[in-house]
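> just coords:
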């Protein structure tokens with residue numbers, strides 16, 4: 001309706017609201033004495049052009065006031081030295097208590113900020129032991145008074161999101177203490193998981209892969225010819241997809257053997273929690289010939305009431321069930337004796353960063369895998385990014401390796417119109433895991449492996465003619481415009497304009513994905529079934545599980561492993577360009593033949609929709625240094 005109003009009338013109304021906003025902000029600011037702004041607390045998308053109106057001041061809000069480390073430069077320097085294999089401090093990690101005593105905000109400073117917030121009628125709900133943040137609840141009106149800012153509703157990428165019209169401010173006496181406020185603006189809604197099913201239904205609603213399904217690469221060939229430009233194959237026609245690879249096949253292809261992850265702990269961070277995860281992973285494990293898990297080996301750290309949340313489009317709890325299932329089974333498949341700690345954030349996605357802080361501050365694990373992220377840091381205010389970076393520095397100091405999926409939309413050109421890296425994968429303090437397409441033969445050997453980038457072709461099953469419909473997806477990667485090229489990439493001889501993503505890679509293509517098992521809701525009832533899944537959501541936990549084997553072999557945690565990884569390129573299979581394709585058959589209703597099927601071709605190593613990416617010799621922005629090879633455990637597990 002608003003778009004149909006005369007342009008001058010809309011601008012006049014917007015101008016009047018903005019004037020009132022300025023008066024309100026000035027009044028709130030003056031009531032607390034001298035103020036200092038928090039630069040970077042306004043998202044780039046919160047512009048007058050996107051403004052649709054004021055936010056309701058009666059809205060209930062939950063947010064976190066983040067405090068910075070007392071010696072941030074010293075913390076970053078220590079994180080680097082304990083992670084650098086050429087440093088005399090390598091591996092000399094701090095305990096959480098030691099970190100807190102050296103770098104955490106003072107209790108007296110934390111109390112000052114807490115008392116100020118309480119004086120405004122806001123409720124303090126939680127402060128972690130490292131005093132990294134103060135979790136707060138109240139109304140938007142109370143928050144506006146506290147931070148001297150009025151909030152509006154902005155239209156961005158089809159969403160209506162809340163954000164301040166200008167940078168927040170705090171009393172000047174807190175200028176060296178408070179660094180950011182997270183949760184008042186709704187940037188967290190840009191988070192996405194990185195798993196791919198090629199179905200309109202989430203796994204909790206029932207999904208099956210349609211046959212023909214090969215047990216290994218090229219067991220069955222389709223009647224379809226290879227698409228033009230994707231004929232790099234010795235096969236007579238395009239092979240049908242596999243049913244889904246097993247852990248034995250993946251470990252065989254990567255030359256990984258001899259270790260099971262005993263004595264190691266891997267944490268997984270997602271939102272929500274599947275109510276059937278233990279029975280599902282054990283059913284799946286029995287089918288794979290793997291040891292089952294018990295509640296002491298699969299530990300769930302979740303808030304009350306997190307199970308069985310009603311499905312909704314914004315939070316998609318049932319979709320997160322599939323993410324947890326994939327992550328747990330991928331880690332368990334690679335390291336079947338390792339302990340897994342699952343940390344499920346509550347229904348507000350902004351709490352994923354708090355979940356990571358909990359894992360790090362309590363040192364619940366030595367390895368953390370995360371299969372979610374934001375398509376671009378350019379949609380996030382810098383104040384949203386900085387607190388997570390502080391948590392990642394603490395993780396490195398404590399010897400915790402943090403792994404993030406690199407994303408599933410290539411260089412994001414198809415989403416944003418320009419290339420950009422996903423975050424937190426682009427952080428210089430994480431190991432970013434990219435993705436590949438892989439063919440594993442009947443002897444569990446790598447028959448073909450190349451970068452994951454895919455276009456779709458619709459096929460006529462009668463004429464066998466296939467027509468291209470467009471680019472679909474691929475492993476995220478590129479060069480960050482936010483973070484500078486880190487020292488370990490410079491030392492490796494890379495000359496990048498910024499942080500290069502990814503660092504490493506593993507299987508990700510959903511055409512060549514992992515066979516997982518999950519309880520799902522089918523038309524004839526709820527029960528366990530298995531399906532093939534991919535995405536860099538698969539690559540990250542696979543690599544995290546393999547790193548647990550490296551930690552076991554070394555007899556110690558590797559912590560932040562990037563400096564060691566870039567020091568040992570021979571530990572990786574250099575993934576090169578192989579232009580080929582695979583065929584798949586889809587159930588039209590995602591579960592059975594009753595509504596018919598549709599045949600598709602999917603290309604490998606295709607970046608037609610992600611033009612800044614390429615797979616080539618050495619490091620590249622799809623696969624990083626490559627995937628593990630038979631030398632991985634001997635070189636990295638040292």
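Yep, it's here. From a predicted model like this one, the values you see are computed outputs, not experimental measurements.

> report the central residue of this protein.
When C-alpha atoms, centre = their mean is applied to the chain, the residue found nearest the centroid is residue 372 (2.2 Å).

> how about that residue, nearest residue that isn't a chain neighbour?
Of all residues beyond its chain neighbours, the one nearest residue 372 is residue 193 (5.1 Å), with distances taken as C-beta to C-beta, 6 or more residues apart in numbering. In short, each C-beta sits where N, CA and C put it, glycine included.

> surely that neighbour and residue 320 touch.
Yes. Taking C-beta atoms under 8 Å as the definition, residue 193 is a contact partner of residue 320 at 7.0 Å.

> so what sits against both of those two?
When C-beta atoms under 8 Å, 6 or more residues apart in numbering defines a contact, the residues bordering residue 193 and residue 320 alike are residue 270.

> give me the more crowded residue out of these two.
Counted by other C-beta atoms under 10 Å, residue 193 and residue 320 do not tie: residue 320 has more neighbours, with 25 against 22.

> buried residues in stretch 223-233?
Neighbour-count burial for stretch 223-233 flags 224, 226-227, 230, 233 (criterion: 16 or more other C-beta atoms under 10 Å).

> what number of residues lie near residue 617?
Neighbour number of residue 617 under other C-beta under 10 Å is 9.

> and it, how close does it get to residue 177?
Here residue 617 is placed at a distance of 49 Å from residue 177 (C-beta to C-beta, to the nearest Å).

> same question for residue 400.
When C-beta to C-beta is applied, the distance between residue 400 and residue 177 equals 25 Å.

> and those two? which has more neighbours close in?
Set side by side, residue 400 and residue 177 give different neighbour counts by other C-beta under 10 Å, the larger being at residue 400 (24 against 19).

> residues contacting that one?
Applying C-beta under 8 Å, 6+ apart, the residues near residue 400 are 359-360, 363, 365-368, 557, 559-560.

> quick one: which of those is most hemmed in?
Counting by other C-beta under 10 Å, residue 367 has the largest number of neighbours within the contacts of residue 400, with 31 neighbours.

> is it in a bridge, and if so with what?
Beta-bridge partners for residue 367, by DSSP bridges, are residue 266, residue 401.

> my guess is it contacts residue 430, does it?
No. Here residue 367 lies out of contact with residue 430, judged by C-beta under 8 Å, at a distance of 11.8 Å.

> what do those two both touch?
Common neighbours of residue 367 and residue 430, using C-beta under 8 Å, 6+ apart, are residue 403.

> show me where the stretch 51-200 of the chain has its strands.
51-54, 60-67, 123-126, 133-139, 151-156, 159-164, 169-171, 178-182, 191-193 (DSSP state E, counting those that start in this stretch).

> circling back: quick check, nearest of the buried residues of stretch 223-233 to residue 116?
Using C-beta to C-beta, the shortest approach to residue 116 within these belongs to residue 230, at 61.7 Å.

> need the contact list for that closest one.
Contact criterion C-beta under 8 Å, 6+ apart gives 579-581, 603-604, 606 as the residues in contact with residue 230.

> for residue 209, see how far away it is.
22 Å.

> nearest to residue 473 among the contacts of residue 230?
Comparing the contacts of residue 230 against residue 473 with C-beta to C-beta picks out residue 606 as the nearest, at 10.0 Å.

> how many other residues sit next to that closest one?
Burial measure for residue 606: 28 neighbouring residues, criterion other C-beta under 10 Å.

> equivalent analysis for residue 269, please.
For residue 269, the neighbour count with other C-beta under 10 Å is 26.

> just the strands of the stretch 51-200 of the chain: most buried one?
Mean neighbour counts were taken over those using mean count of other C-beta atoms under 10 Å, and the top value, a mean of 25, falls to strand 178-182.

> just the residues contacting it, thanks.
Under C-beta under 8 Å, 6+ apart, the answer for strand 178-182 is 38, 40-41, 63-68, 113, 133, 147, 168, 170, 188, 350, 353, 383-384, 386-387, 390.

> repeat for stretch 105-124
For stretch 105-124, contacts defined as C-beta under 8 Å, 6+ apart pick out 65, 67-70, 127, 131-132, 134-138, 142-143, 145-146, 171, 173-174, 177-178.

> let's see it at 6 Å
Applying C-beta atoms under 6 Å, 6 or more residues apart in numbering, the external contacts of stretch 105-124 come out as 67, 131, 134, 136-138, 142, 146, 177.

> over to stretch 73-93?
By C-beta under 6 Å, 6+ apart, the surrounding residues in contact with stretch 73-93 are 69, 103, 393, 396-399, 559-560, 563-564, 567.

> can you rerun that using 8 Å?
Looking at what lies outside stretch 73-93 - C-beta under 8 Å, 6+ apart - the contacts are 69, 94, 102-103, 390, 393-394, 396-399, 429, 487-488, 556-557, 559-564, 567.

> residues of that stretch that come out buried?
Applying a neighbour-count criterion of 16+ other C-beta under 10 Å, one finds 75-76, 78-84, 93 buried in stretch 73-93.

> surely residue 280 and residue 325 touch.
Yes. Because the distance of 5.9 Å satisfies C-beta under 8 Å, residue 280 is recorded as touching residue 325.

> settle it for me: which of the two has more neighbours?
Here residue 280 and residue 325 are compared on neighbour count by other C-beta under 10 Å; more neighbours surround residue 325, at 26 against 23.

> need the three-state assignment for that one.
Reducing the assignment to helix, strand or coil with DSSP: H, G, I helix; E, B strand; the rest coil, the entry for residue 325 is helix.

> pLDDT value on it, please?
Among the per-residue scores, residue 325 shows a pLDDT of 93.

> what's the answer for the one 3 residues further on, then?
Among the per-residue scores, residue 328 shows a pLDDT of 97.

> and if you look at the one 10 residues further on?
In the prediction, the pLDDT value recorded for residue 338 is 98.

> excluding its backbone neighbours, what's nearest it?
Residue 338's closest residue in space is residue 261 (C-beta to C-beta, 6+ apart), at 3.2 Å.

> touching, the one you found and residue 547? I think so.
No. The criterion here is C-beta under 8 Å, and residue 261 misses it with residue 547 at 9.4 Å.

> quick one: which of the two has more around it?
residue 547 (31 against 25).

> please name the residues that touch the closest residue to that one other than its chain neighbours.
Ranked by C-beta to C-beta, 6+ apart and with sequence neighbours excluded, the top spatial neighbour of residue 547 is residue 367, at 5.6 Å. With contact taken as C-beta under 8 Å, 6+ apart, residue 367 is in contact with 264-267, 400-401, 403, 544, 547-548, 551, 557.

> distance check, residue 367 against residue 160.
Summarising the geometry, the distance separating residue 367 from residue 160, computed by C-beta to C-beta, is 38 Å.

> now, which of the buried residues of stretch 73-93 lie within helices?
75-76, 78-83 (DSSP state H).

> about what we covered before: just the closest of the buried residues of stretch 223-233 to residue 420, please.
Using C-beta to C-beta, the shortest approach to residue 420 within the buried residues of stretch 223-233 belongs to residue 230, at 26.9 Å.

> so the closest one lies in a helix, does it not?
No. Secondary structure assignment places residue 230 outside any helix; it is coil (three-state DSSP).

> which helices and strands does the helix or strand containing residue 331 pack with?
Using DSSP states H and E, the secondary-structure element containing residue 331 is helix 317-334. Helix 317-334 is packed against strand 191-193, helix 247-254, strand 265-271, helix 277-288, strand 339-345, strand 514-522, helix 536-554, with contacts defined by 3 or more C-beta pairs under 8 Å, 6 or more residues apart in numbering; DSSP states H and E.

> if we use 6 Å, what do you get?
Using 3 or more C-beta pairs under 6 Å, 6 or more residues apart in numbering; DSSP states H and E as the contact criterion, the neighbours of helix 317-334 among helices and strands are strand 265-271, helix 277-288, strand 514-522, helix 536-554.

> next, the angle helix 317-334 makes with the second one.
Per axes from the mean of the first three to the mean of the last three C-alpha atoms, to 10 degrees, the angle that helix 277-288 makes with helix 317-334 is 40 degrees.
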